[in-house]
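>>> From the sequence below, what's the structure:
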Amino acid sequence: MFDKSLERSTAQAWRLRVSAVIALVLELGWGLAGAAEPNGAARFRVEQPARALPESLRAIAGQTGVSVLFDPAAVAGRMSKPVSGQLTAVQAITRALEGSGLQPIVMPDGSVVVRPAVAPRSIPASAPASSAAFVMPVGTAALVGSSPGEIQASAEPGSTAGSDSAQSVVDGATWLTRVEVTGSRLMRIDADGPTPVNVYTRADLERSGQPTLERFLSSLNEASISTGEGAMGQTTGQGAVQLRGLPLGSTLVLINGRRIQAVGSSSGNFFNLNLIPMAAIERIEIVPVGSSAVYGGDALAGVVNVILKKSLEGFAFDARVASARGTSDVGVSLAHGAQGEAGSFLLVGSYNKTTPLTMGERSYFADADYRRFGGTDARSRFCTPGTVTNSAIANLPGLDSRFAAVPATAPGQPLTPASFVATSGQANLCNSMANGHGNALVYGDENAALHAAGERRLGPNWSVFAEVTLARDRLLAEQAGILLNNVLVPATNPHNPFGVPVRVTGRLGLQNGAETFARDTDFKRILGGLRGEIAPGWEFEAALSTTRDDGERRTTNTSANVAARTAALAASAPGAALNPFTSGLAASEEVLRGIWSESTRYNHGRKDQASAFVRGSLLELPAGSLDLIAGAEWAQDRYQTVAPGSFDIQGSRTNGAVYSELRAPLWRIRSDAGRAWDAAAITLAARRDRYSDFGSASTYQAGLEVRPTRTTLLRASTATSFKPPTLLQTKVDAESLTTDDYGLVDPARGNEAISGGEVLRAANPALQPEKGRALSLGAVWEPDGLAGTRLAVTAWRVKIDGLISLLWPQVTLDNEALFPGFITRAPAVGGVPGQVTRVFYAEVNFGGLNTAGVDLEAAHTWKAAGARWNVAASVTRTTRYEVAVAPGAPVEDRLGRRAADYWSPTWKGRLSAGVDQGGWSLGLTSRYLGSYLDSAPSDRSLGGYWVHDLAASVDIKRLGLRLPAVKDARLALVVANLADRLPEFVGTSPYYDVTQADWRGRYASLRLSMTW
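Numbers count the residues shown, from 1 in each chain. Presented below is the predicted three-dimensional model:
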């Protein structure tokens, strides 16, 4: 059983496991700092005679432990030069290639690609080498679930970060950046495959100025809406993402290509992105269409793969301070790592703290009379002080009205009926959500995290690796004053000035405490594995991992002990009485805590996994190499949520899967210059999952790549996907309620009120997975004669069937024929259906969602006046968003129409321009949200605006500061939302669109980054 007793009994074991893994990571890096030269390249004793070039390259790979990739056709028939000496891998390969017309292209992760030598220039990102043979004896940078992808120009190792030279040559080798992308598990170096993949680097995150991963993702075109921050969002301060605006939980989140628990401390059907330490993120890869055949369930809308840092040479320090009106945040991180012959290690520690932003700190909420925007007067009587009303149908004694506003008086000043003469017939009206501190727009948060990664070579072809990520996240919001909703104050209360029973509606002053929401979460991710070469060109990897989040959610002063409150309101002794007429202290601490106390809910989620795969070149076809990956996975998920004295819901499931992916080149073209590329290739993937609680499911994926020229790609992909019901949906603690609580009516009996029946809240054993289909068609062009230019277009479509939703009892009654067994009745009398005795209240599969659109992208980079310049534009045009949300309901068009749960604006886009001179950089990004309509029946027009972000950085070493030990030091300033645009008014509570809102307004951050 996964319960508190188990948690206590295994706490010591967990600490020992964590300590052991951290010790392993530290051991992996022991002594490595001195093994590398200042430029980070380790030297090896290499002795190779002149021999066939393929054999020489494989031998050098084995001696140095460096991954070497080459086209068999390009090296066939060539002889290597002899190599001898204490050399880096790059130097050894360069000497072996002398006179061959080939050159090594080196990635910062240490892998080497051998290609025909070309004059230095910017290499188009689409230049393919998909038929490359690969030699990966140890330490290949690929992760499970990752494949090499985008190739773009990079600075030479050791150069100033941010200089980003188009191409640099060191020791005869060209240094480029290989970005491994999600979307395929095959090892390839194509810039783009058949499935679109969007890659966002660490620099992109920092230039955005966004404080959290959730805010960064929601600013992207492919994320049409967000769940919203603060108390009014769906996720109560936890990070989530909704690709294409699809339902919460339909996007699969991975860390380093591996799945994490979908249900845990979030107490929802999603993983909390805020548990991933921002300082440890290397990049983010997004597949914006369904992809379950590659990664399994939950990938209905697509995949967000968060890649964590895994290597560093030396030390890195980063400090950030940021501020907006009413809120601020600070962050600091320190990292240390080393690489050498024996392996590598990395340690990253970080701390971040955000102060809360509440409705009380925005003038928009000061008065809930929204008639100034053409809306309604939403003011209420839940104010401090409140409003008193005679409990009898008569005027208050001494007044000419039955109600009066409680006047604000000095503490301790007694009230009499005369005190109310001026406010007779008036009510204290205010915005209840802005009372006290006000509801949170941004929760206060404090996060401390440690990320460690390491690899230890066991020989020329094998290595072990480990990763540990630990985070402690504390969220807090003190909000409105304690609520008093029409409470009865007897005449015996010594603070009642009227001598007759009265009722008071209001909120107590903050001296009595505030309604408080707090959540403490511990996140642990531990992974260990083995990888190596089982045969020439064949890689094997096996890994064990566990992820776990344990959350404690506390609410204070939100629910009352009714009996204790009634007794305090009726008490005649001043020390025992509750005074609802004051803005100050209403009672002693003992009385207050006896009425309003803290309630706690514990949530636990855990996922244990084992995986293994082989990956390599199956055979050589006339057009190139037939690449294959085949693997198997096993996982166990456990979930528990406990409210002591109320409920204890727990469940577990196991699942196993086998999968395979194959890429076959169909046609290869060789140009007059001798360069070759795959003109056509297909990719096929299949996966079979078996779950312990609902059976098996199969998913498929197929892709086609056509390159009529070396710089033009036409692509298409299709995929099926599915999402099994979460443990939260399948494990529901049965609870019996009454039909009277729901105000139900019976359509079968003339809409008569249902009284005395039962509403049974329970799990639906017939619940089935949600299923999806995805299609994408696109083209990418990077013209040869205009280096640095990229044009791309992708048309996409995602369809989901069998959406899982909690079926409201009245909907069941209105559609009784569609849900047999959900309604139980007494025997019919005279042909009239019997009275309802029970309504089954559970999750069901119904409805569907169909969305489609087009992504457009254009970018150009060039050098002029000693600087690098770039401009880019991208836009997503959603053309369809149709939803069937209830059984038998007509299709609802939600394109460009705001909804309470999920929908999509028609347009979302970005424009950017920047210049990088090396010593300094400056960039401007403008984000566009297209026009859309308020939720029905309103036709109020919203959106149609731009938000501008400005980013600048300077190399402070070039300012004359003497920092001899520092390799790089930069100061960066980002001002997000430069024009201070705030959210717009909408016609329903909370009177702004939470899916598009960011109440920070103009948000400035200053960052200092140093490496040494």
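>>> Quick one: the helices in the stretch 701-850 of the chain, in order.
727-730, 809-814 (DSSP state H, counting those that start in this stretch).
>>> again, but for the chain
4-28, 53-64, 72-75, 89-96, 202-208, 213-218, 292-295, 562-570, 589-595, 727-730, 809-814 (DSSP state H).
>>> list the contacts for the nearest residue to residue 714 once chain neighbours are set aside?
Using C-beta to C-beta, 6 or more residues apart in numbering and skipping the chain neighbours, the partner closest in space to residue 714 is residue 706 (4.3 Å). The C-beta positions use only the backbone N, C-alpha and C, and glycine is treated the same way. Residue 706 sits next to 679, 680, 713, 714, 715 when contact means C-beta atoms under 8 Å, 6 or more residues apart in numbering.
>>> Residue 547 too?
Neighbours of residue 547 in contact, by C-beta under 8 Å, 6+ apart: 255, 260, 261, 523, 524, 525, 526, 606, 607.
>>> Which pair of those residues spans the longest distance?
255 and 606 (14.8 Å; C-beta to C-beta).
>>> who's more crowded, the two?
residue 255 (25 against 20; other C-beta atoms under 10 Å).
>>> Quick one: the strands in the stretch 251-400 of the chain, in order.
Listed in chain order, the strands of the stretch 251-400 of the chain (DSSP state E, counting those that start in this stretch) span 251-255, 258-259, 281-287, 302-308, 314-324, 327-340, 343-354, 357-358, 387-390.
>>> quick one: the fifth one to chain centroid distance?
This points to strand 314-324. 22 Å (C-alpha atoms, centre = their mean, to the nearest Å).
>>> what angle separates that strand from strand 343-354?
Interaxial angle, strand 314-324 versus strand 343-354 (axes from the mean of the first three to the mean of the last three C-alpha atoms, to 10 degrees): 20 degrees.
>>> Just the buried residues of strand 314-324, please?
Buried residues in strand 314-324, counted by 16 or more other C-beta atoms under 10 Å: 314, 315, 316, 317, 318, 320, 322, 323, 324.
>>> tell me which of the residues you listed is nearest to residue 984?
Using C-beta to C-beta, these come closest to residue 984 at residue 324, 18.2 Å.
>>> thought the closest one was touching residue 354?
No. Taking C-beta atoms under 8 Å as the definition, residue 324 is not a contact partner of residue 354, at 10.7 Å.
>>> got a list of what residue 334 touches?
Residue 334 makes contact with 315, 316, 317, 318, 348, 349, 350 under the criterion C-beta under 8 Å, 6+ apart.
>>> now those residues in JSON lines, with pLDDT and distance to residue 596?
Converted to JSON lines, the contacts of residue 334 look like this (pLDDT from 0 to 100; distance: C-beta to C-beta, whole Å):
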{"residue": "315", "pLDDT": "95", "distance to residue 596": "50"}
{"residue": "316", "pLDDT": "95", "distance to residue 596": "47"}
{"residue": "317", "pLDDT": "97", "distance to residue 596": "45"}
{"residue": "318", "pLDDT": "97", "distance to residue 596": "42"}
{"residue": "348", "pLDDT": "97", "distance to residue 596": "42"}
{"residue": "349", "pLDDT": "97", "distance to residue 596": "39"}
{"residue": "350", "pLDDT": "97", "distance to residue 596": "36"}
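>>> Now tabulate those in TSV and tack on distance to residue 569.
Below are these laid out as TSV (distance: C-beta to C-beta, whole Å):
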residue	distance to residue 569
315	63
316	60
317	58
318	55
348	55
349	52
350	49
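>>> Out of those residues, flag the one nearest to residue 857.
Distances from residue 857 to the contacts of residue 334, taken by C-beta to C-beta, are shortest for residue 318, at 29.9 Å.
>>> so the closest one bridges to which residues?
Beta-bridge pairing of residue 318 under DSSP bridges involves residue 333, residue 1009.
>>> okay, now residue 751: neighbour count?
A count of neighbours around residue 751, defined by other C-beta under 10 Å, yields 10.
>>> The closest residue to it other than its chain neighbours and residue 839, how far apart?
Leaving aside its sequence neighbours, residue 751 sits nearest to residue 745 (C-beta to C-beta, 6+ apart; 4.5 Å). Going from residue 745 to residue 839 by C-beta to C-beta, to the nearest Å gives 12 Å.
>>> got any residues that touch both of those two?
By C-beta under 8 Å, 6+ apart, the residues touching both residue 745 and residue 839 are residue 813.
>>> Looking at the two, which one has more neighbours?
Neighbour count, other C-beta under 10 Å: between residue 745 and residue 839, residue 839 has more, with 28 against 16.
>>> pLDDT wise, what is that one at?
Looking at residue 839, its pLDDT stands at 95.
>>> Also residue 194?
Residue 194 is given a pLDDT of 90.
>>> do you know how far the residue nearest to it when sequence neighbours are not counted is from residue 196?
Leaving aside its sequence neighbours, residue 194 sits nearest to residue 703 (C-beta to C-beta, 6+ apart; 2.5 Å). To residue 196, residue 703 is 10 Å away according to C-beta to C-beta.
>>> ok, now residue 417?
73 Å.
>>> Who has more neighbours out of the two?
Legend: neighbour count by other C-beta under 10 Å for residue 417 and residue 196, higher for residue 196 (24 against 15).
>>> For the nearest residue to the more buried one once chain neighbours are set aside, give the beta-bridge partners.
In space, and not counting its chain neighbours, residue 196 is closest to residue 794: 4.8 Å by C-beta to C-beta, 6+ apart. For residue 794, the beta-bridge partners are residue 778, residue 855 (DSSP bridges).
>>> Is residue 794 in contact with residue 855, as I believe?
Yes. With contacts counted by C-beta under 8 Å, residue 794 reaches residue 855, the gap being 4.5 Å.
>>> anything in contact with each of the two?
196, 778.
>>> What pLDDT is listed against residue 121?
The model's pLDDT for residue 121 equals 36.
>>> Any idea how many residues pack against the nearest residue to residue 113 once chain neighbours are set aside?
Leaving aside its chain neighbours, residue 113 sits nearest to residue 105 (4.3 Å; criterion: C-beta to C-beta, 6+ apart). Using other C-beta under 10 Å, residue 105 is surrounded by 23 other residues.
>>> State the mean pLDDT of stretch 399-409.
Mean predicted confidence for stretch 399-409 is 95.
>>> Enumerate every residue touching the closest residue in space to residue 469 that isn't next to it in sequence.
Distances taken as C-beta to C-beta, 6+ apart place residue 525 nearest to residue 469, at 4.1 Å, with adjacent residues excluded. Residue 525 makes contact with 255, 260, 467, 468, 469, 470, 545, 546, 547, 548, according to C-beta under 8 Å, 6+ apart.
>>> any chance of those in CSV, with pLDDT and distance to residue 212 too?
Formatted as CSV, these follow (pLDDT from 0 to 100; distance: C-beta to C-beta, whole Å):
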residue, pLDDT, distance to residue 212
255, 94, 16
260, 90, 17
467, 97, 22
468, 97, 22
469, 96, 17
470, 97, 19
545, 97, 25
546, 96, 25
547, 95, 20
548, 95, 22
